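Undergrad: Sequence and predicted structure are below.
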Amino acid sequence: QPGNAPAASVRLFISPEHIWALDSHFHPLVVVPVAEISRMRVEPAPSGWLLQVRWGDHKAEFSYHGVFAERFARLAEESIVAANPSAASIVRKQRAASA
């Protein structure tokens, strides 16, 4: 959901430097600089699963629905970590803190 607009369907494109959330016309709705990510979390939501990503003063929530919602949210998180290993330390710290 960019700004106060309604939620939008996006596809994530992940590189070592950026995560792009692109609409159906391949226009970027959100661009996340991976090096600035301070938090990533996958959690259940009332209607599926969420991947929350925080960087600087910004936050993006990616919502997944359906039978494989949790799996898709975790795959997105794993893909971000695989593309930029420095993001792995963020995820490890969060999991250790919540254990």
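TA: Nice, thanks for sending it over.
Undergrad: Give me the buried positions along the lengthiest helix in the chain.
TA: In the chain, taking DSSP state H as the definition, the longest helix is helix 69-83. Neighbour counts over helix 69-83 (16 or more other C-beta atoms under 10 Å) mark 69, 72-73, 76-77, 80-81 as buried. Glycine gets a C-beta too; all of them are placed from N, C-alpha and C.
Undergrad: mind checking the SS state of residue 40?
TA: Assigned state for residue 40: strand (three-state reduction, DSSP: H, G, I helix; E, B strand; the rest coil).
Undergrad: returning to what we had before: which of the buried residues of helix 69-83 sits closest to residue 33?
TA: Distance to residue 33 across the buried residues of helix 69-83 (C-beta to C-beta) is lowest for residue 80, with 11.8 Å.
Undergrad: Hmm, the closest one is touching residue 19, no?
TA: Yes - with contact defined as C-beta atoms under 8 Å, residue 80 counts as touching residue 19 (6.2 Å).
Undergrad: Are there residues contacting both of these two? Which ones?
TA: Counting by C-beta atoms under 8 Å, 6 or more residues apart in numbering, the contacts common to residue 80 and residue 19 are 34, 53.
Undergrad: Name all residues that make contact with the residue nearest to residue 41 when sequence neighbours are not counted.
TA: Spatial nearest neighbour of residue 41, chain neighbours left out: residue 52 (4.8 Å); criterion: C-beta to C-beta, 6 or more residues apart in numbering. Neighbour list for residue 52: 39-43, 59-62 [criterion: C-beta under 8 Å, 6+ apart].
Undergrad: Show me which of these is closest to residue 10.
TA: When these are compared for distance to residue 10 (C-beta to C-beta), residue 62 comes out closest, at 7.5 Å.
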